[in-house]
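Peer 1: Please work out how this folds:
(one chain, ligands or ions: 1)
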Amino acid sequence: MTGTTAIVTGGGSGIGRAICHRLAAAGFATAVVDLNADSAKKVVEEITGKGHTAAAFGDVDVSDRFLVEAAVERVRDTLGPPLVLVNNAGITGFKKFLHITDDVWDRTLAINLSGPFFTCQAVVPDMIDAGWGRIVNISSSSAQSGQQYMAHYVASKAGLIGFTKSLALELGPQGITVNTIPPGFVDTPMLRASEEHGLLGGSVDEHADRTPVRRPGRPDDIAAACAFLCSEDAGYITGQVIGVNGGRNT
Ligand code: NAD
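Peer 2: Numbering: from 1, shown residues only. Next up is the predicted model:
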């Protein structure tokens with residue numbers, strides 16, 4: 001895929017960081033887009049240190065259409081037209097249903113669902129021009145199972161699954177595939193923060209004991225599946241929900 005540009009949102013940490021490493025190693029010029037400029041820069045240093053191509057685009061809040069469009073324009077100028085888009089940026093949160101405020105609801109939906117809407121509208125014209133594109137949306141296994149105290153988060157991720165299926169039908173004839181990976185129980189700063197706040201319903205180790213493959217997921221487990229979905233070989237896979245969760249959801 002040398003010469004093809006990929007955008008990964010939330011590329012500065014956890015799953016997004018692993019996806020950036022994988023795509024860059026596969027030959028994509030990788031745009032590491034993140035709200036956190038320092039972490040995006042650090043990931044780019046790691047990638048370029050290995051001899052691959054990447055550039056950092058920090059201070060980009062995916063819930064802000066204007067910032068998204070400006071960032072995509074800078075990606076086009078710096079690395080070339082983006083033909084791969086991984087919508088990974090997301091926020092989580094635990095709240096009893098009656099404690100979910102309008103602000104928390106709106107912010108969660110804005111980042112987790114409107115963000116991918118804005119990025120897709122900014123990038124799909126490049127893909128249509130090229131007659132080829134790959135979009136992977138990182139949703140959540142909680143949208144498959146439901147999750148107490150997470151109605152706002154789960155609603156945003158379930159919306160992302162429906163968004164994926166609809167875009168796949170619409171963009172398939174233009175050579176663009178759209179799939180979603182709903183990760184489950186992946187050992188990242190997000191998961192550890194939830195454990196620290198006692199919000200997991202047990203420790204990470206206790207959950208691992210109840211997981212069929214007997215371990216938490218690694219960011220690279222998600223990145224491997226994502227890199228495949230972005231490859232030429234995955235051209236007949238679209239509109240799919242590809243679970244990567246150690247067998248926790250089947
Ligand atoms: P993480 O917190 O380690 O990384 C998230 C990244 O997104 C951070 O770099 C953060 O700065 C960035 N980000 C947050 N808000 C942003 C915004 N408004 N604009 C741009 N960037 C923003 O989280 P992670 O665990 O790697 O999660 C990545 C994705 O995977 C998320 O969408 C999350 O919902 C999903 N997910 C994770 C798990 C898990 O077990 N870790 C499970 C299911 C789904």
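
Peer 1: Next up, the contacts around residue 134.
Peer 2: Contacts for residue 134 were tallied using CB atoms under 8 Å, 6 or more residues apart in numbering; they are 83, 84, 85, 176, 177, 229, 230, 231, 234. For every residue, glycine as well, the C-beta is placed using N, CA and C.

Peer 1: and the fifth one, helix, strand or coil?
Peer 2: Assigned by DSSP: H, G, I helix; E, B strand; the rest coil, the conformation of residue 177 is strand.

Peer 1: residue at max distance from the center of this structure?
Peer 2: Among the C-alpha atoms of the chain, the one farthest from their average position, using CA atoms, centre = their mean, is that of residue 98, at 28.5 Å.

Peer 1: low-confidence ranges in this protein?
Peer 2: For the chain, residues meeting the criterion pLDDT under 70 lie at 1-2.

Peer 1: neighbours of the residue nearest to residue 203 when sequence neighbours are not counted, just the number please.
Peer 2: Leaving aside its chain neighbours, residue 203 sits nearest to residue 195 (6.1 Å; criterion: CB to CB, 6 or more residues apart in numbering). Residue crowding around residue 195 was assessed by other CB atoms under 10 Å; the count is 17.

Peer 1: tell me what the helix or strand hosting residue 195 is packed against?
Peer 2: Using DSSP states H and E, residue 195 falls within helix 189-196. The contact analysis (3 or more CB pairs under 8 Å, 6 or more residues apart in numbering; DSSP states H and E) places helix 189-196 against helix 204-209.

Peer 1: Buried residues, the helix it packs on. List them.
Peer 2: Counting neighbours by 16 or more other CB atoms under 10 Å, one finds that the buried residues in helix 204-209 are 207, 208.
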